[in-house]
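Trainee: What shape does this take:
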Amino acid sequence: MNKNIILLTFCLGLFGALWSVAAPAEGISSAEKWMEELEKSGAIDRAVQRSLERIQKEQALAQQQEEMRQQAVQLEKAKFARKVDVTKDMIFGNPKAEISIIEYSDFECPYCKRFHGNPEQVVTEMNGEVNLVWRHYPLSFHDPMATKEAVASYCASEQGGSPLFWKFADGVMKNTGSNGQGLPSKDKEDPLVGLAVSLGLDKAKFQACQDSDQAKRAIQADLDDGVNAGINGTPGVILVNHKTGTVGILAGAVPVENIKAEVKKLQLP
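Mentor: Next up, the predicted model:
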């Protein structure tokens, strides 16, 4: 509620209460004088200020409790994320790491573009203690380009596994205009095909894969997994300790320090 409305409501209520007490006992004239004296002394202002401070504290506490409740719900949902499979998932870093950072990402999301590189830095600096797992989460308002790029990156992995997937993903993230714009085109050729060729992929196989139902099903499976795990925006991050089953969550393009702090919370003592 607006502060001014709260103040006005309180003042009217306070005035009414004081008036109802004072007027019958002292008479209208005496009650008016009494109210004037209270106003001049600042007693009413102080009472209003105390009331406002109490209301603000109550609102802040209620908001904090609601945020804690929502986080608890999100953490519970995060437990339903698909288990990491080293034979199928695109993994950066040590496949046997105790902790995985599972990133649900959209190649056309500007926040994902800003975030890209931060999890990789954490993986590199934490010396095999944590790895990064990519899950596709192309948002509908970034389509058709977001899904097209997700399919293309899947097709890169079909020829070169995780190493080529990450190289392709880096190429897309560094060059996309974001928000559905995609990669800049220098000629008539699809820039995604051009990127694939520059990385040494077989052009014909890559193009055939782009049109395959298998690639589309793989992207949809990641999307379904994200929805099941409570992801509602990108980048959405779920961290999991594979030994304890404990999970953590991050939302938005958070800095490296935030990711490290969440990883450390999940590490065994």
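
Trainee: from here on, contacts and neighbour counts on C-alpha atoms
Mentor: Noted.

Trainee: Please parse this structure into its domains.
Mentor: Structurally, the chain divides into domains by automatic domain parsing as follows: 3-68, 90-266.

Trainee: I'd like the average pLDDT over the first one.
Mentor: Looking at domain 3-68 alone, the average pLDDT works out to 64.

Trainee: next one: stretch 142-154
Mentor: When pLDDT is averaged over stretch 142-154, the result is 98.

Trainee: which residues touch that stretch?
Mentor: 106-109, 136, 138-140, 165, 168-169, 172, 179-182, 192, 206, 210, 215-216, 218-219 (CA atoms under 8 Å, 6 or more residues apart in numbering).

Trainee: Break down this protein into its helices, ranges please.
Mentor: With DSSP state H as the definition, the chain shows helices at residue ranges 3-26, 28-41, 43-78, 110-115, 118-125, 145-175, 191-198, 203-210, 213-228, 256-266.

Trainee: Quick one: closest of those helices to V86.
Mentor: Between V86 and these, the shortest gap by CA to CA is with helix 145-175, which sits at 9.9 Å.

Trainee: T234 is nearest to which of the helices of the chain?
Mentor: Between T234 and the helices of the chain, the tightest spacing by CA to CA is seen for helix 110-115, at 6.5 Å.

Trainee: Kindly format the C-alpha coordinates of that closest one as PDB.
Mentor: Output for helix 110-115, consisting of C-alpha atoms alone and laid out as PDB, is shown next (Å, rounded to 0.1, in the frame of the first residue of the first chain):
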ATOM      1  CA  PRO A 110      20.700 -11.500 -23.500                       C
ATOM      2  CA  TYR A 111      21.100 -12.400 -19.800                       C
ATOM      3  CA  CYS A 112      22.400 -15.900 -20.800                       C
ATOM      4  CA  LYS A 113      24.900 -14.200 -23.200                       C
ATOM      5  CA  ARG A 114      26.100 -12.000 -20.200                       C
ATOM      6  CA  PHE A 115      26.200 -15.000 -17.900                       C
END
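
Trainee: before we move on, the earlier item: so of the helices of the chain, which one's packed in deepest?
Mentor: When neighbours are counted by mean count of other CA atoms under 10 Å, the highest per-stretch mean among the helices of the chain falls to helix 145-175, a mean of 21.

Trainee: now the angle from that helix to helix 213-228?
Mentor: With axes from the mean of the first three to the mean of the last three CA atoms, to 10 degrees applied, the angle from helix 145-175 to helix 213-228 works out at 90 degrees.

Trainee: what about helix 145-175, distance to the chain center?
Mentor: Helix 145-175 has its C-alpha centroid displaced from the chain centroid by 22 Å (CA atoms, centre = their mean, to the nearest Å).

Trainee: Now do that helix against helix 203-210: the angle between them, please.
Mentor: Interaxial angle, helix 145-175 versus helix 203-210 (the same axes, to 10 degrees): 130 degrees.
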